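Enquirer: What follows is a protein structure lacking sequence information:
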């Protein structure tokens, strides 16, 4: 019972982290029609910024806030200097350019921080286990990730669905030409959207940093899952990204936790441990393939207005 509850919470926590990464990606892709392979690099930079600022200030919370602001500013600068010149270009041009940015960020991190990974230690109050139900404890930091991610998801929903800025974002996703004709500054809107996406990616990176080692290229594998999520949920759909991220997080976590025991019935222990992660990934890609065949626009596509 304890293992099942723990892995369900782990799946929820991982899914919510994936949502933070995928939400920014789906906004940029859905509104700006821009394929940004460097989104994972912003996730990595959020983690590096957090580790650096936490070491400078001696405070995990202050370092995280500073890292979030730094990633936001980095995203805005990146959009202004490099990416806005690629709007309207073919997706292949965007893929090649942002792939180049991945290499640039990896080399920049290696130059500034060195090739060795960094650690982001947690404060003592986030390392204690919390009793969630009688007899079952769960790490406080992972509960904090769930709470913060849910709060950000709710805030993002309010901003996108209940504010003027959100109205412009949704309208820009549906008809950019009309928004421009009405006198809205499309360039400023795109900059704000890209900055928001960068901040969400940085938030995901800095929250994942205490769990995993902060290292070069850490955003590349998780970016693949983020693209899978926006395909499953629907491009430009925040609701779709949220629900699809939970699905993917649960499949990945539960598969890695329970498939090895099932596979050991037919495979050796070493082979089962090796095959379980690959099989979990295959299940996720199979789900994406089924969605593409049955509902190409995604399970929860953004509303057309």
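Expert: Here it is on my side, so go on. If you're wondering where the values come from, they're calculated on a predicted model, not measured in any experiment.
Enquirer: Would you tell me what helix or strand the closest residue to residue 192 other than its chain neighbours is located in?
Expert: Counting by CB to CB, 6 or more residues apart in numbering, residue 192 lies nearest to residue 165, which is 7.4 Å off, once chain neighbours are set aside. Quick note: C-beta positions are derived from backbone N, CA and C, even for glycine. With elements taken from DSSP states H and E, the one containing residue 165 is helix 164-174.
Enquirer: Could you do residue 51 as well?
Expert: Residue 51 belongs to helix 39-57, assigned by DSSP H and E.
Enquirer: need the contact list for the residue lying closest to residue 233 once chain neighbours are set aside.
Expert: Closest residue in space to residue 233, ignoring its immediate chain neighbours: residue 240 at 2.7 Å, by CB to CB, 6+ apart. Residue 240 is in contact with 26, 230, 232-234, 298-302, counting by CB atoms under 8 Å, 6 or more residues apart in numbering.
Enquirer: Residue 301 should be in a helix, yeah?
Expert: No. Residue 301 is assigned coil when assessed by DSSP: H, G, I helix; E, B strand; the rest coil, not a helix.
Enquirer: where in the stretch 151-300 of the chain is pLDDT low?
Expert: Across the stretch 151-300 of the chain, the ranges flagged by pLDDT under 70 are 170-180, 182.
Enquirer: If we use 50, what do you get?
Expert: Along the stretch 151-300 of the chain, no part satisfies pLDDT under 50.
Enquirer: thought residue 9 was touching residue 145?
Expert: No. Counting by CB atoms under 8 Å, residue 9 stays clear of residue 145, with 10.1 Å between them.
Enquirer: Which one's more surrounded, the two?
Expert: Using other CB atoms under 10 Å, the more surrounded residue of residue 9 and residue 145 is residue 145, with 23 against 18.
Enquirer: which residues sit in contact with the more buried one?
Expert: Residues in contact with residue 145, defined by CB under 8 Å, 6+ apart, are 13, 16-17, 207.
Enquirer: Swap in 6 Å and give it another go.
Expert: The neighbours of residue 145, taking CB atoms under 6 Å, 6 or more residues apart in numbering as the test, are 13, 207.
Enquirer: State the helix or strand in which it lies.
Expert: Going by DSSP H and E, residue 145 is part of helix 140-162.
Enquirer: now the strands: where do they sit in the stretch 51-200 of the chain?
Expert: For the stretch 51-200 of the chain, the strands defined by DSSP state E, counting those that start in this stretch occupy 129-133, 136-139.
Enquirer: The first one packs against which elements?
Expert: For strand 129-133, the helices and strands in contact under the criterion 3 or more CB pairs under 6 Å, 6 or more residues apart in numbering; DSSP states H and E are strand 136-139.
Enquirer: Mind listing the strands the strand it packs on pairs with, and their directions?
Expert: strand 129-133 (antiparallel) (DSSP bridges).
Enquirer: Would you tell me which helix is longest in this protein?
Expert: Ordering each helix of the chain by length in residues (DSSP state H) puts helix 2-32 first.
Enquirer: Would you mark the buried spots in that helix?
Expert: For helix 2-32, burial by neighbour count (16 or more other CB atoms under 10 Å) applies to 6-7, 9-32.
Enquirer: Also stretch 53-68?
Expert: For stretch 53-68, the neighbour count (16+ other CB under 10 Å) marks 53-54, 60, 63-64, 66-68 as buried.
Enquirer: I'd like those as TSV, with pLDDT appended.
Expert: Formatted as TSV, the buried residues of stretch 53-68 follow (pLDDT from 0 to 100):
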residue	pLDDT
53	96
54	95
60	94
63	95
64	94
66	96
67	96
68	95
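Enquirer: of the residues you listed, closest to residue 133?
Expert: Using CB to CB, residue 60 comes nearest to residue 133 of those, at 27.4 Å.
Enquirer: Next up, the contacts around that closest one.
Expert: Here residue 60 is in contact with 54, 123 (CB under 6 Å, 6+ apart).
Enquirer: Next, the angle helix 140-162 makes with the longest helix of the chain.
Expert: Angle, helix 2-32 to helix 140-162, by axes from the mean of the first three to the mean of the last three CA atoms, to 10 degrees: 30 degrees.
Enquirer: which secondary structure elements does helix 2-32 contact?
Expert: The helices and strands touching helix 2-32, judged by 3+ CB pairs under 6 Å, 6+ apart, are strand 136-139, helix 140-162, helix 164-174, helix 186-208, helix 218-233, helix 238-263.
Enquirer: let's go with 8 Å and repeat that
Expert: For helix 2-32, the elements it packs on are helix 39-57, strand 129-133, strand 136-139, helix 140-162, helix 164-174, helix 186-208, helix 218-233, helix 238-263, judged by 3 or more CB pairs under 8 Å, 6 or more residues apart in numbering; DSSP states H and E.
Enquirer: follow-up on the earlier one: the residue nearest to residue 192: neighbouring residues, count only.
Expert: Look at residue 165: counted by other CB under 10 Å, it has 14 neighbours.
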